[in-house]
Every structure is written in structure tokens, then in C-alpha cells.
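Trainee: structure for this input, please:
(chains A and B)
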Amino acid sequence: MLKTLAATVTLTLALSLSAAAESNYPDRTIRIVHGFAAGGNADTVSRIIADAMSQDLGQPVIVEARPGAGGTLASGYVAQQAPDGYTLQLLVGGHPVAAALYKSLPYDTMNDFTYISTVGQFPFFIGALHGRFGSLQEVIDAARAKPRSIRIGHAGVGSTQHLTGELLGLETGVEFLHVPYQGGAAATTALMGGEIDLVIDAGTVILGQADAGVFDVLGVTSATRWADRPDVPTVAEAVAPGFDVVSWTGLGAPAGLPQEIADRLNTEMNSLLGRPEVRERIAALGANPMGSTSQELHDLVERQVATWTRVINDAQIERR
Amino acid sequence: MLEQFAMGLGVVLQPSVLVYALAGVVVGQLIGVLPGIGAITAISLLLPITFQLDATTSIILLAGIYYGSQYGGSIASILLNLPGTPASVVTCIEGYPLAQNGRAGLALFIAAFSSFIGGMIGVVLVIAAAIPMARIALRFGAPEYAMLVVLGLMAATLVGTGSQLRSLAMVLVGVALGLIGADTTTGFYRFVAMPELADGVSLVSLAMGLFGVSEIIRSVNSDAPPQAKVSVSMRDILPTRAELRSVIGPILRGAGVGSFFGALPGTGAAIASFMSYAVEKRVSRTPGKFGTGHLPGIAAPESSNNAAAQTSFIPTLTLGVPGDAVMALMIGALVLNGVIPGPRLMVDQPTLFWGVIASFVVGNLVLLLINIPLIRLWVLLLRIPYRKLYPVITIMICVGVYSHRSSVVDVALTLAFGVIGYLLKNYRFEPAPLLLGFVLGPLFEENFRRAMLLNGGDFTVFATRPISATLLACTVLLLAYSLFSALLGRRAAARRRHQSVS
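Mentor: Down below sits the predicted model:
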């Protein structure tokens, strides 16, 4: 009885204390951690939202890059931080990929994070040298006629670009030769030099070349066409019904973030993503700025972990 | 073309743009001097500032930091055997002995002068030959890169003053170190003892450890200033006519080598400076002088890394694809400003293209003008006693290394490499070939395996493609020449011994 009472008192005290802390949130500097090189896409997106958040929340928001091991060092670090809303993480599409690709991670992808909201989503585009193929169907036919004759360059083994190419092969039942490069730019250069036949990468990598007439864009990997390129067919309508790959950026925090803070941050994200100057900057990075509910981001991660686990199993990619 | 260049000059010389051009080169120069902190760190830190600038000004600012850092990199190399950037490691080999002989001023002058000429040659090539050079670069596929790197590895054994066998051993150690991390071809983790090593050992931490930290350990017993008496009179700084003549050839060759490697995506200033040093040693009539403070050994690599810094803009500006991490940041700045880089940049954005090019000319001139008077100031650094100078430098190295990927493991490794570098030096093994092996080894592996993957494991691909075959032939000839001259040398030595006995 006494024990129960003591426990109740402690619990009530703890709750009221944390409630007090929450209502003051934020009263000091917030940091957004990410796992990629300074100056890269994740870093830039972090800075754009940090900039807008600090204006709204009245506290400085700083960006901290902890690059390495495909972003998993940063995730491992964030998973161990206090869920007080002062350590946030910019997550990317590589987050569910890592869950599928690594033999062991120092964190649990679904249970060690509070998912707050997406920031932006972007599809990949399939580029070929101008005039080489008339359509995606032609590519598939050629690959079916002669397995491993169509060479797809990608940004690195286990990158989302690579797995998207593998998925394309699995869904259409043809065998491609997947050629690894160190980043999308190196693969693009190789495509220009004719070393490979296709590159699957983000719009920022492919579309500039397409505008200059160097590349043809054969398809877009999302379920619907990309608003800026209404003439580019989706992979789903061209060759593989149901095909849907988007990469994304989103905001997360350590697991156990108090609901009130999570709600506050979700409202904040959705409101800043409605502002034209923020939308413009994120759109410049080739992404469609869009917020979500906490549950939607959680489900997106869960769905992609399942997809990439299947692709890695079926394509027999060695786990690291 | 002159007309367009004049238009570019018009862009740069607007006060609002000129300020950023000057700020860029001055920051770059400083970043270059500070050990460990490189252009990448500085540019990524300044990237958010470019949110507020237009595309042209952004690139002019960031580009200035990049090529400015190539000027600054040589200063600590010469004075303290402490390379500011990996590209200036080679400058230590000749620059530091010169400084120890009291000729730091001369070495700094030659470095600044060679940097300027090399940089300007690079700029002229960007203006006159950007498109043909980009075309040639595109003809380099996996087999060509693989063979180019083999040639480079051959040359690596020349970068060192001791025996070639010892250099070869160091190259191999470097290659082995380069194996650590995720394998590019399969993604498999190799020798990843801790997750921080998943992306491999950092080049900066290796370079700062083997050169900077080892030098600090070596001098730990000495309390004297590096140079009690240093001359800062202009007479001792300016080269004689004969000295100037001796560096003209090396500067031109260095610029050639540098321009080539700069324009080639995936290689850059660091490889360029090593290669031009190796070339000088090979063509020199007095190869024995290298390692003792030989001026051509400063002139060539300095000219080379600056030429490379300029021509590395060629793939970015003409093709719209970045050749290295620094250029990827430039592209990032363009994208943020709503300019999607692509092959039409030159046509669609003439003020941007020509403004940036004109800023190179202005920037290089400014760098020359600030570097010559500063020489006297830098030399005075040598009057500070070790016990005051080196603790500060050690801290700067740690901060610099940490800044690259925010990794404490990298800092610890730098200190460990310092101890290893100290031991190696004591046993007369030189760190420069090791570093080159470390850079080239993974590049070879990646391209060799890609060539095999693309050609179904057919080795003949290296001999059937013209560029690849030419590079292969050069390697074979160089190897044959080395073996032949070694054999001749041994015979001559035997003959001498024989004569002295009889």
C-alpha cells in the first residue's frame, strides 16, 4: 500500500515536472544531427529547416554533421540521446535501407526513434544517353534478349539508387549488370562517356543533363508522374505495374519524446513547410516539400524497411 | 572570346562582387596555412552564407577559398615540415631542407611564384580548351583510370630520397592502409575494427600524422627556436637569375601535369603534385639533388597543384558534373541558387561562367600580391621557440582533423600516425610514398574491378583500348628503364670497385 502510494507520488511528481519542462519547450538551443557530409543534401535540408525553426521557436537551432557508415553512426548516436526535444535528427531514405542492409546496427530502426514528420519526398529518374533508347520498354526488351547486357550505373553498393535498379530488375524479371560508382556524379560522367547504359538518380543529377539534350529521361520511379516533368512516364505505367520508389527527408528524435513536444514539432514542421520561401529552397534541391503526420513517417519507414529487405534478399546482396 | 572575358571582368570588378572574390582568396590562403583544416571544411561552413548571395558571387567566393588554399598550403610545409593540405605534402620534401638551411624566404618566394604561374596556366586552359579537355576526360573509362594509376604507382617509388626498394615498401604499406573501409565494388566491410572506420582512414589524418605530428615528436627534446637567425632581407628572399632559370622548366611541366589531373574527374591536386614531382626527378640531370632542398622540387608540385585547382572546374563548368568533393559543394551552391548545372551552363549563364573565370585571374593576381610581402612575416614565425609554437600547432592539427568528419577516432589516429611516422623516419623509411600508395591503391582497385565487371573479366581490355594501351606501354617502358639503369649502375659500381682494388 505504502509502496503503491510512494510510486504514485513519484510518478505524479515526475509527470508534473516533465509537464512543466514541456510547457517551457524550447528554452535552449536545439540541434539537428544528421549522418552525412557537410554541404550534402541532408546537410542543406537540415540548414533550411533549422533556419526556419529558429525563427519560429525563438531559440537557436544548430546543425551537427556526424558523417560515416551510411548515416548509421549518427542514428546510433541520436538513439542514445535524451528524448527531450533538444536533439533531433534529419533522417533520409537511407535510414530504412540501413535497417535492411546491415547485419547489426547499434540501434533498432523502428523502436529507437520518434518519427515526427517528413520534410520532402523525391523520386529517382532513369536517364540514358540521348537517342540510345526510345522507351523503358525497349530497355527491358534488350535486357531480356541478352541478360547482363544493359549496364546500370549507381551511386554505390547499397545506395537507394542501387536498390531501385535491383528492384526494377526483379519486378520486370530481367537481369541487369549493376555497376557501382562513388556517387551519382561519377556514374553520370560514366554515362556521358558511354561506359554504361543507364543511370538511376535524383532529379538534381539527371534533369540538368536532360535539359541540355545530353540525356533522355526514360522514367520516374514514383507512383505518379513528377509535376515538373509531366511528359516523363512512371516506371509503373511503362513496364512494372505497382512500382513505387520515393526517397525522402524527415525529422526524427530519440524514442520516448513526450507527446506534447512531438506534437509541437510536428505542427511546426507542417507550418514551416507551408511557407513559400522554405518550399522554394527545398524544391530547388529536387524534392517535393511535404509534411506528414508522425504516424505517416513511421509507416513510410516501416514499409521501406520491408521493401528493401526483400530486394536485398532476392538480389542476394551481401549484408555488411 | 576576349569580348566575353571582358564581360566577365566587368562582373568581377563590381565592388559588391569584388569584395567576395577578395574575401574568398584571403580566407582560402588562411585555411591553407592552418594544418588540417582544408578547403572542403571551409566551403561547407560558408555554404549557408551563399543563401544570401546570387549564384555568380557564391561560386566566386567558394572558388577563391579553394584555389587560395592551394597557395597557403605550402607555407607551413616549407617552414615547419607541416603540410597545410594533402596537396602540399610534396612541398615539404624540398621546402623544409631549404628552410633548415636558412633559405625559407627563397623557398616561399619560389612556391608563391610557381603557384601563380601554374594557376594562370590553368586558367588559360580553362578559357581556351575547356571543352576539348572535357571531351578527353570523358574518354577515360575504368581501364584507362586503372592503367593511369599503375603508371602513378610506378612513379610513386620515385617520390622519396632513399632507395627505391624502401619507397616501394612504403607504397605497399600505403596501399594496404587504403584497403580499410567499405569495398566500393561489393560494399563489403574490410578491416573495419570500429564503425568510425567504415569509410576508411582519412587522408587528412594520415597526412597530418605522418608529417606534422611526427615532426613535433622529433623536436620535442629541443627548446631552441626552429631558426634562431633568419634573414628577412629581400636579397635573401629573391632568387638569383640562375635559380629562376632552373625553375622555369619545372613550372611549365608541373602546370601541364597538374592541368591534366585537375581536369580528370576523380583525381586532383594531391595526385597532381606528387606526379609532377616524380616527373621532375625522372627528367632531371641531377636527381641526386632532390631531397636536399632542390628548387625544381618545389616549383613543379606548387605549379601543378594550382593548375589542377583551376582545371578541376572544367568538368563542373562544361559538363555540369563535379569531379571531386569540393566541386560537388560548388554544384550544391549553384543548385541552391536555382541554377541547375549542366552542359548548357556556358550558354545559358554566360555572366556566371565568364564572371567566375575572370575571378580566377583577379584572384590569382591578388594572391601573388599578398603572398610576396607576407613572406617576411611568415619567416619570422621561425623565431618562436618550439615549446611555444608546437603546443599551439598540435591543437590546430587536432581541431583541423576533427573538423573533417567530426570524428574523435580520426584525431586519435592522427596522433598514432605521428608516432608511426616518427619511427619510420628513424629507420629511414619515407612517408611520402606511403601517402601516395594510400591515395592511388583504392583508386586502382576500384577501376580495375569495374573494368573487369564491365568486360566480363577479360584482361585484354587494357591493351585493346588506345589510351589504356598507351599508358600500359609507358609503364612497361618506365619499369624496363628503371631495371636497366639499376643494372648498369650496379655494373659501374662493380667496375669501380674492381679498379680500386687493382
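Trainee: now the helix or strand containing residue B:498: average pLDDT?
Mentor: Element membership for residue B:498, per DSSP states H and E: helix B:466-501. Here helix B:466-501 scores 81 as its mean pLDDT.
Trainee: that one: how far from the chain's middle?
Mentor: Its chain's average C-alpha position is 29 Å from that of helix B:466-501, according to Cα atoms, centre = their mean, to the nearest Å.
Trainee: tell me the buried residues in it?
Mentor: Of the residues in helix B:466-501, B:467-469, B:471-472, B:475, B:478 count as buried by neighbour count, 16 or more other Cβ atoms under 10 Å in any protein chain shown. All C-beta atoms are positioned from the backbone trio N, CA, C, and that covers glycine.
Trainee: now do stretch B:273-281
Mentor: Neighbour-count burial for stretch B:273-281 [16+ other Cβ under 10 Å]: B:273-281.
Trainee: would a markdown table of the residues you listed with secondary structure be doable?
Mentor: Shown next, in a markdown table, are these (DSSP: H, G, I helix; E, B strand; the rest coil):
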| residue | secondary structure |
| --- | --- |
| B:273 | helix |
| B:274 | helix |
| B:275 | helix |
| B:276 | helix |
| B:277 | helix |
| B:278 | helix |
| B:279 | helix |
| B:280 | helix |
| B:281 | helix |
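Trainee: who's in contact with residue A:212?
Mentor: B:320, B:342-344 (Cβ atoms under 8 Å, 6 or more residues apart in numbering or on different chains).
Trainee: out of the buried residues of helix B:466-501, who's near chain A?
Mentor: Contacts with chain A within those, counted by Cβ under 8 Å from any Cβ of the partner chain: none were found.
Trainee: next, give me the two most distant ones among those.
Mentor: B:467 and B:478 (16.7 Å; Cβ to Cβ).
Trainee: run the chain-centre distance for stretch B:9-22.
Mentor: 28 Å.
Trainee: beta partners for residue A:127?
Mentor: Beta-bridge pairing for residue A:127 (DSSP bridges): residue A:199, residue A:217.
Trainee: which residues does it contact?
Mentor: A:188, A:191, A:198-201, A:206, A:209-210, A:215-218.
Trainee: distance check, it against residue B:208.
Mentor: To residue B:208, residue A:127 is 40 Å away according to Cβ to Cβ, to the nearest Å.
Trainee: what does residue A:75 give?
Mentor: Shown here: residue A:75 relative to residue B:208, a distance of 29 Å by Cβ to Cβ.
Trainee: of the two, who's got more company?
Mentor: residue B:208 (32 against 28; other Cβ atoms under 10 Å in any protein chain shown).
Trainee: okay, that one: pLDDT?
Mentor: 92.
Trainee: spell out the secondary structure type for it.
Mentor: Criterion first, three-state DSSP; result for residue B:208: helix.
Trainee: isn't it up against residue B:401?
Mentor: Yes. At 5.7 Å, residue B:208 counts as touching residue B:401 under the criterion of Cβ atoms under 8 Å.
Trainee: so what sits against both of those two?
Mentor: With Cβ under 8 Å, 6+ apart, residue B:208 and residue B:401 have common neighbours B:36, B:414.
Trainee: so how far is chain A from residue B:477?
Mentor: When distance is defined by Cβ to the nearest Cβ, to the nearest Å, residue B:477 is 27 Å away from chain A.
Trainee: the nearest residue in space to residue A:30 that is not next to it in sequence: neighbouring residues, count only.
Mentor: The shortest distance from residue A:30 to any non-neighbouring residue, by Cβ to Cβ, 6 or more residues apart in numbering or on different chains, is to residue A:61 (4.7 Å). Using other Cβ under 10 Å, residue A:61 has 22 neighbouring residues.
Trainee: run through the residues that contact residue A:61.
Mentor: Counted by Cβ under 8 Å, 6+ apart, residue A:61 has contacts A:29-32, A:50-51, A:53-54.
Trainee: which of those residues fall in strands?
Mentor: Counting by DSSP state E, the contacts of residue A:61 place A:30-32 in strands.
Trainee: of the residues you listed, which is the most crowded?
Mentor: Most crowded among those, counting by other Cβ under 10 Å, is residue A:32 at 25 neighbours.
Trainee: which residues touch residue 195?
Mentor: Just so you know, I chose chain A. Neighbours of residue A:195 in contact, by Cβ under 8 Å, 6+ apart: A:151, A:153, A:179, B:141-142, B:454.
Trainee: wait, chain B was what I had in mind.
Mentor: Residues in contact with residue B:195, defined by Cβ under 8 Å, 6+ apart, are A:68-69, A:72-73, A:76, A:106.
Trainee: where does the chain dip in pLDDT?
Mentor: No chain specified, so I'll use chain A. Within chain A, the ranges that satisfy pLDDT under 70 run A:1-23.
Trainee: actually, chain B is the one I wanted.
Mentor: Short version for chain B, where the test is pLDDT under 70: B:221-232, B:497, B:499-502.
Trainee: any idea where the strands of it begin and end?
Mentor: B:181-182, B:189-190.
Trainee: circling back to that earlier point, which strands or helices does the helix holding residue B:498 pack on?
Mentor: helix B:142-156, helix B:461-464 (3 or more Cβ pairs under 8 Å, 6 or more residues apart in numbering or on different chains; DSSP states H and E).
Trainee: in the longest one, what's buried?
Mentor: What it means is helix B:142-156. Those would be B:142-156, for helix B:142-156 by 16+ other Cβ under 10 Å.
Trainee: residues near the nearest residue to residue B:437 once chain neighbours are set aside, how many?
Mentor: If the residues on either side of it in the chain are set aside, residue B:437 comes closest to residue B:174, at 2.6 Å by Cβ to Cβ, 6+ apart. Close neighbours of residue B:174, defined as other Cβ under 10 Å, add up to 24.
Trainee: tell me how far residue B:174 lies from residue B:419.
Mentor: From residue B:174 to residue B:419 the distance is 17 Å (Cβ to Cβ).
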